[in-house]
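# Please work out how this folds:
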Amino acid sequence: MRRRTLGLLLIIAGLLFALVPLTMIEYKSLTRHDGLERYVAAVEQADAAEQAQRLAAAQDFNTRVLPTGEDTRDPFGSEIEEQESTFALEGEEFAHVVIPSIELSQPVFLGASQKHMSMGLAQVEGTSLPVGGEGSRSVLAGHNGWYNNHFLLFADRLVPGDRIFVAVLGEVLEYEVYGTEIILPSEGEKLAAIDGQDTLTLLTCTPAPINDKRLLINARRVAPQEPGAPQAPVASPAVPSPPSDAAKPATSEFGQAVQETEQHDVAVPAAVKGWAYATRAAIVLLALGVVWALVRLYRGGRNVVSHE
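A predicted model of the protein is given here:
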């Protein structure tokens, strides 16, 4: 009887070991918009003049510091110390990335420490800040899946033409994917800025589960236009000007622009949808397995009591 009880307990433990992380991943996926809404609310409640100053300072930093890639460190192969940036406190969300085609919505932190990458995407030190600007290249690192979040699991599904939106300090920057590249962790020079371009790069490990190389998803800044209109590269963004209507919230246009990114009409890859369906099916089956094992355990306990 003890062996039977022990066996059922081991089964329950094994099922929970798979059920808990899958449930956490699915929960994060279903509530991915909540984090973006909180970020937008925080920006809208902040002082508009202060936000404009922070944005202008970050853009000025990007014009003064030319990212060559030589000073970068691979965030996945080395322990990067947590440091407070001049532009954001350690653990403070600086921006938010939305990629409609892979249903991704993630916070962005400055400094690619392990803590920051466990919370979202993180700007690799030695690269530009994610505020745009001609000649800048911001590299955002993220895991290709984690025990509680997808992160950049589907980044390899991005194709040329897909849009990446960055909500930062009252502005929404729009980028268009133009290519991918696989590099070695030691090839930091491949992260150098491209003269005359405003570039955003996503960085993650590949191929899973070996993860001995790095996948780069490169995107170029484009001007936001009406759906179907041709896109054109733009230079560095301007500091937002005060609204003409004093009674109008200073960042209300920011919230509207963010909503438009979420409503971007795109075709989601079958692999992304298939993963969601498979995850939900696995959660249901694992939960049923836990219930079955608990019922067997309960009945077994009752039988022992009745025999006594």
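
# Any idea how many residues pack against the residue lying closest to residue 135 once chain neighbours are set aside?
Leaving aside its chain neighbours, residue 135 sits nearest to residue 193 (5.6 Å; criterion: CB to CB, 6 or more residues apart in numbering). Every C-beta, even on glycine, is put in place using the N, C-alpha and C of the backbone. By the measure other CB atoms under 10 Å, the count of residues near residue 193 is 24.

# quick one, what contacts residue 193?
For residue 193, the contact set (CB atoms under 8 Å, 6 or more residues apart in numbering) comprises 66, 67, 68, 127, 128, 135, 136, 137, 199.

# what stretches of the chain score poorly on pLDDT?
Scanning the chain with the threshold set as pLDDT under 70 gives 1, 78-85, 224-252, 263, 265, 301-308.

# which residues in it form strands?
95-99, 104-110, 121-123, 137-141, 163-168, 171-183, 199-206, 213-222 (DSSP state E).

# where's residue 104 relative to residue 164, distance?
9 Å (CB to CB, to the nearest Å).

# Show me which of the two is the more surrounded one.
More crowded of residue 104 and residue 164, by other CB under 10 Å: residue 164, with 26 against 23.

# other SSEs contacting the longest helix seen in the chain?
Determined from DSSP state H, the single longest helix within the chain is helix 270-307. Contacts defined by 3 or more CB pairs under 8 Å, 6 or more residues apart in numbering; DSSP states H and E place helix 270-307 against helix 2-30.

# Please identify the buried residues of the helix it packs on?
For helix 2-30, a neighbour-count test (16 or more other CB atoms under 10 Å) marks 8, 11, 12, 15, 16, 19, 22, 23, 25, 26, 28, 29 as buried.

# nearest to residue 96, of the residues you listed?
Of all the buried residues of helix 2-30, residue 96 sits closest to residue 28, with 14.4 Å by CB to CB.

# Next, the contact list for the residue lying closest to the closest one once chain neighbours are set aside, please.
In this structure, residue 28 finds its nearest non-sequential neighbour in residue 149, 4.9 Å apart by CB to CB, 6+ apart. By CB under 8 Å, 6+ apart, the residues touching residue 149 are 24, 25, 28, 143.

# Specify the beta-bridge partners of the residue most central in space within the chain.
Residue closest to the average C-alpha location in the chain (CA atoms, centre = their mean): residue 106, at 3.2 Å. Beta bridges link residue 106 to residue 97 when assigned by DSSP bridges.

# show me what contacts it?
Residue 106 makes contact with 32, 35, 96, 97, 120, 121, 142, 151, according to CB under 8 Å, 6+ apart.
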